[in-house]
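Participant: model the following, please.
(one chain, ligands or ions: 1)
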Amino acid sequence: MFEVTVQAGFSSGHYLRNYRGKCENPHGHNYRVLVTLIGEQLDEAGLLLDFKLLKQVLRPTVEFLDHQMINDLEPFTTLNPSAENLARYFYDKTAAQMYEMTSGRVRVKDCTLYETDTSFARYYDAAAGGESPAGK
Ligand SMILES: [Zn+2]
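Facilitator: Residues are numbered from 1 along each chain as shown. Below is the predicted model:
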């Protein structure tokens, strides 16, 4: 299996609903998102996917969130903008496009969302064959 990962950053505000503590108040993060692709077959150029293409796929989502209060943006007007939900949001936004672009040759393995240098959340779809926990 081959994997490639690209990273992008954005600076946004958020606050957590139904949460007691510092993060219930509006505050900002310099977020980082890492998207990892996985596949068995390389293209004619010997690439799983051109890093440049993956960055292009990510860009609209990053620009949508950058310098915004995430809680004001759909679907985060109702969905809590936790690191977990943001990781899943990036996964969903990239997975469908990746399938279309490569006819299923390349899949999104996982998305990792750093809220700080030392705290991150990761989302993957176990059923899609990324990392399959035993028994699934
Ligand atoms: Zn926060």
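Participant: contact partners of stretch 22-33?
Facilitator: Residues from elsewhere that reach stretch 22-33 (Cβ atoms under 8 Å, 6 or more residues apart in numbering): 7-17, 58, 62, 65, 69, 71, 86-87, 90, 111-116. From N, CA and C alone the C-beta is placed, and that goes for glycine too.
Participant: how about 6 Å then?
Facilitator: By Cβ atoms under 6 Å, 6 or more residues apart in numbering, the residues outside stretch 22-33 that reach it are 8, 9, 10, 11, 13, 15, 16, 90, 113, 114, 115.
Participant: can you give me the pLDDT of residue 52?
Facilitator: As predicted, residue 52 sits at a pLDDT of 95.
Participant: ignore the last one, residue 1
Facilitator: Looking at residue 1, its pLDDT stands at 96.
Participant: could you list every residue that touches it?
Facilitator: So residue 1 contacts 38, 40 (Cβ under 6 Å, 6+ apart).
Participant: if we can go back for a sec, can I have the buried ones of the contacts of stretch 22-33 as a ChimeraX selection?
Facilitator: To isolate the buried ones among these in ChimeraX, judged by 16 or more other Cβ atoms under 10 Å, type:
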select :8,10,15,16,90,113,114,115
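Participant: may I have the phi/psi pair for the residue of the chain most remote from its centre?
Facilitator: Distance from the C-alpha centroid of the chain peaks at residue 44, with 27.1 Å (Cα atoms, centre = their mean). Phi and psi for residue 44, reported as degrees, to the nearest 10, are phi -60, psi -30.
Participant: what do you get for residue 33?
Facilitator: For residue 33, the backbone dihedrals (degrees, to the nearest 10) come out as phi -120, psi 130.
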